[in-house]
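Trainee: next input, structure requested:
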Amino acid sequence: VDGGGGPRCASPYAIQLANKLLAGSGSQAPVKALLGGMRFTAAVAQMASAAQVPNVGFHAKDSELGNKLEYPYFVRTNPTADHVFTSILAVVRHFNYTTVDVIGCDGPSYRTSALTMTDLLLESGIAAVPYLVRPDLYSLYPPGAPL
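Mentor: Residues are numbered from 1 along each chain as shown. Modelled structure (predicted):
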């Protein structure tokens, strides 16, 4: 419903498209299920749940979407970001790493993920420094400015 980039992936467009699909349009019957969703999954999942239409999200990492009272018709096929962070911490501990650089793209959700991962490492007694890079200026993950 809302993958990729550009103006057709803006929140209003994703919501308009989901609304047309859920309600049916002209001679087209309402959909029986929605597949996908990336940037505006929570809004679309809320609409699908209100319409009692299953919504399968293959990219959504937001823990909020696991709330079955609010999103009873949403199913994710990938782990939450919290689960990924916990798994990364397990690997770091397994190899007895004492220092970790957290490298991420500089954008709102990526910044939050980098800081969350950094906090989890620090709370576990592992030295961690987040670096954010701007993909339009850098490639091959060179370090940006520390937060």
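
Trainee: residues near the closest residue to residue 15 other than its chain neighbours, how many?
Mentor: Of all residues not flanking residue 15 in the chain, residue 43 sits nearest, at 5.7 Å (Cβ to Cβ, 6 or more residues apart in numbering). Placement of C-beta: from N, CA and C, glycine included. Neighbours of residue 43 under the rule other Cβ atoms under 10 Å: 17.

Trainee: could you point out which element follows the helix or strand harbouring residue 43?
Mentor: Secondary structure from DSSP states H and E places residue 43 in helix 41-50. Sequence-wise, the next helix or strand downstream of helix 41-50 (DSSP H and E) is strand 55-57.

Trainee: counting by contacts, list what that next one packs against.
Mentor: Other helices and strands packing on strand 55-57, by 3 or more Cβ pairs under 8 Å, 6 or more residues apart in numbering; DSSP states H and E, are strand 34-35, helix 41-50, strand 74-76.

Trainee: what mean pLDDT does the helix holding residue 43 get?
Mentor: Helix 41-50 comes out with an average pLDDT of 86.

Trainee: give me the buried positions along stretch 67-79.
Mentor: 71, 73-74, 76 (16 or more other Cβ atoms under 10 Å).

Trainee: make JSON lines out of those and add distance to residue 52 and pLDDT.
Mentor: Formatted as JSON lines, the buried residues of stretch 67-79 follow (distance: Cβ to Cβ, whole Å; pLDDT from 0 to 100):
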{"residue": "71", "distance to residue 52": "12", "pLDDT": "91"}
{"residue": "73", "distance to residue 52": "6", "pLDDT": "92"}
{"residue": "74", "distance to residue 52": "12", "pLDDT": "90"}
{"residue": "76", "distance to residue 52": "18", "pLDDT": "83"}
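
Trainee: can you put those residues in JSON lines and add distance to residue 113?
Mentor: Formatted as JSON lines, the buried residues of stretch 67-79 follow (distance: Cβ to Cβ, whole Å):
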{"residue": "71", "distance to residue 113": "21"}
{"residue": "73", "distance to residue 113": "26"}
{"residue": "74", "distance to residue 113": "21"}
{"residue": "76", "distance to residue 113": "16"}
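
Trainee: picking up where we left off before, want to throw the helices and strands packed on strand 55-57 into TSV with distance to residue 121?
Mentor: Output for the helices and strands packed on strand 55-57, formatted as TSV (distance: least, Cβ to Cβ, whole Å):
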stretch	distance to residue 121
strand 34-35	35
helix 41-50	27
strand 74-76	25
